[in-house]
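Visitor: predicted model, plus sequence, below.
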Amino acid sequence: MPHNVSLIALIAAGLGLAMVLGLVATRLRMPPLVGYLLAGVAIGPGTPGFVADLPLAGQLAEIGVMLLMFGVGLHFSLDDLLAVRKIAVPGAVVQIAVATGLGAAMALWWGWPVGESVVFGLALSVASTVVLLRALEAKGILDSTNGRIAVGWLVVEDLAMVLVLVLLPALAPLLGAKDAGPQADLSTLVLTVGITLAKVSAFIALMLLVGGRAFPRLLWLVARTGSRELFTLCVIAAAVGVAYASAILFDVSFALGAFFAGMMMRKSEFSHRAAEDSLPLRDAFSVLFFVSVGMLFDPQVVVDAPFKVLGVVFIILFGKTLAAIALVLSFRYPLNTALTVGASLAQIGEFSFILAGLGLGLGLLTMEGQNLILAGALISIALNSVLFAAIEPAQAWARARSAWARKLDLRDDPLAALPMTTDRKLLSNQVVLVGYGRVGRHIAAALEKRHVPCVVADSNREVVETLRKLGKAAVSGDASDPIVLVQSHITRAAMLVITSPDPLAARKMVDIARKLNPEIVTVLRADSEDDADLLRREKLGRVFVSHQELAVGMSQYVMSELESGRDGHRHHHHG
């Protein structure tokens, strides 16, 4: 061919092979992303035959990260982020420190220099955005409290890594880098840190003050044209454009820039449509991300240093996970939350590669170090879905055999039960409202306006603490656990309203509620027609779909049911 087609060759070979091997992986009862990773290994320089363009693959992967984080931002509000700050900030900082310490200690034991050991440890400490989001989406828990804690933790990790990437060149001479320039003194370091923090703060302030007004207005103007492709183009251009501009102007990562762009666009009434329209592209580019990870991997490292590879995998899968689980439990969250967050972080990805590349360029990392990081990434990503699948069996096993594990779920927690001083009027014919997110807040406000008693059950401790301070009845914990519903006085409740869109959790809650209170009326939420059909077929209660009408419709139904119940017409209600 007369012209260069390396991009077309990469996309054609990468997506084609990923589809075939993804299908094979699914047939073998493995997650399809194992097939995507193997497709990358097959077209990478580490294996014979066709070799795709590696720098191009890296750039396509970066677009995948941008689009994925933009999609998460569309589902995530600033309130969600602030609600988990008490656990996400100290959790991420301590977990990075623990994982870096473990990685550096192991490298020092191998006889590596101090500087190289520190960079190696840092690369093992930070989880992959793409893998974490795909895992949470596959489990349907991205919008749950557990999902929000994991995403909040990830945002803090991203901010910490932005700081590390800026400081590493300045600290390189101090760490004994071979190719570093003159050694920076203390005042230069303080100035560098100050400038970085000022840039990140300026970026966040600009997004909150300007982006929060500009993006919803832009979406509204484009939606008015009635052109579908123009609307999709606007969404993609905003995601990639803001991510690129924020990286160039403010030195923040592409992922963080795209996340904030999505979070600001979420304020638009068209945010749900924006999320749906960008989904096919997000999926295609996230596949290319996994292919590019596979391409970076050199299988020879497994043959040359198998025990070192095992050590790296052990730190990523167990060291980081156990540190995260211990941290979450120390904040008095339930065992299920601890296991979910732990499994979410048990892998490494894009930031690790960027850090390894920078370390290599500064002479702070050898090729062996980079290959070990890539081996650790590939194996941990492939095994991450196995860890997620093991959460529920592990929890059941621990509860059955260990009194201590049962105690973790039933700890002497002041937020796990209603105070003795709770008004008795609140605990008879009340509404038990599960989840105090976007939808739950609307319903609670409508109930309060009509002076209908309500008890909130939410697994976010900060939310429950805030409600208690306002004098409202609220209990902390996962409502699919019978104890949480008992603590909400479900036996005397008139109605159970479930605002979380997880059909499996909803089924458990309705089952428990009906056993304890056969007369209870149940109202549920679904995010898709398929989920709604499933819940309706099982006669689990009145089901509401669609994001716009959800809060209003559920509120009206709750009111009409309660009023008709008081009139003695339990099943008669008005639109």
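Guide: Looks like it arrived, so ask away.

Visitor: contacts and neighbour counts: CA atoms only from here.
Guide: Fine.

Visitor: now the strands for the stretch 351-500 of the chain?
Guide: Listed in chain order, the strands of the stretch 351-500 of the chain (DSSP state E, counting those that start in this stretch) span 431-434, 454-458, 474-476, 495-498.

Visitor: how about the second one: buried residues?
Guide: Okay, so that is strand 454-458. Buried residues in strand 454-458, defined by neighbour count with 16 or more other Cα atoms under 10 Å: 454, 455, 456, 457, 458.

Visitor: from those, which is closest to residue 344?
Guide: Distance to residue 344, by Cα to Cα, is smallest for residue 458 among the buried residues of strand 454-458, at 20.8 Å.

Visitor: what sits against residue 305?
Guide: Under the criterion of Cα atoms under 8 Å, 6 or more residues apart in numbering, residue 305 has no neighbours.

Visitor: end-to-end on stretch 429-446?
Guide: With Cα to Cα, to the nearest Å applied, stretch 429-446 spans 16 Å between its terminal residues.

Visitor: buried ones in that stretch, by neighbour count?
Guide: Neighbour counts over stretch 429-446 (16+ other Cα under 10 Å) mark 429-437, 439-444, 446 as buried.

Visitor: out of those, list just those in helices.
Guide: 439, 440, 441, 442, 443, 444, 446 (DSSP state H).

Visitor: confirm that residue 70 sits in a helix.
Guide: Yes. Assessed by DSSP: H, G, I helix; E, B strand; the rest coil, residue 70 belongs to a helix.

Visitor: pretty sure it sits against residue 265.
Guide: No. Here residue 70 does not reach residue 265: they are 9.2 Å apart, not a contact under Cα atoms under 8 Å.

Visitor: okay, now the closest residue to residue 480 other than its chain neighbours: neighbour count?
Guide: Of all residues not flanking residue 480 in the chain, residue 509 sits nearest, at 4.9 Å (Cα to Cα, 6 or more residues apart in numbering). For residue 509, the neighbour count with other Cα atoms under 10 Å is 24.

Visitor: swap in residue 123?
Guide: Neighbour count of residue 123, defined by other Cα under 10 Å: 30.

Visitor: please name the nearest non-neighbouring residue to it.
Guide: Leaving aside its chain neighbours, residue 123 sits nearest to residue 352 (4.4 Å; criterion: Cα to Cα, 6+ apart).

Visitor: OK, contacts around that neighbour?
Guide: Applying Cα under 8 Å, 6+ apart to residue 352 gives the contacts 122, 123, 124, 126, 373.

Visitor: most neighbours among those residues, which one?
Guide: In terms of neighbour count, residue 124 stands highest of the contacts of residue 352 at 33 neighbours, by other Cα under 10 Å.

Visitor: isn't that residue right up against residue 104?
Guide: No. Residue 124 lies out of contact with residue 104 (Cα under 8 Å); the separation is 9.4 Å.

Visitor: for this structure, which spans come out with low pLDDT?
Guide: Within the chain, the ranges that satisfy pLDDT under 70 run 1-3, 177-185, 406-417, 419-426, 546-553, 566-575.

Visitor: centre-most residue in it?
Guide: By Cα atoms, centre = their mean, the chain has its centre lying nearest to residue 151, at 3.4 Å.

Visitor: would you verify that it is located in a strand?
Guide: No. Read with three-state DSSP, residue 151 is helix and lies in no strand.

Visitor: pull the distance from stretch 44-55 to the chain's centre.
Guide: 31 Å (Cα atoms, centre = their mean, to the nearest Å).

Visitor: again, but for stretch 116-132
Guide: Offset of stretch 116-132 from its chain centre (Cα atoms, centre = their mean): 17 Å.

Visitor: likewise stretch 78-98?
Guide: 12 Å.

Visitor: ok, and what's touching it?
Guide: With contacts defined as Cα under 8 Å, 6+ apart, stretch 78-98 is touched by 122, 125-126, 148-150, 152-154, 156-157, 160, 263, 320, 323-324, 327-328, 331, 460, 462-463.
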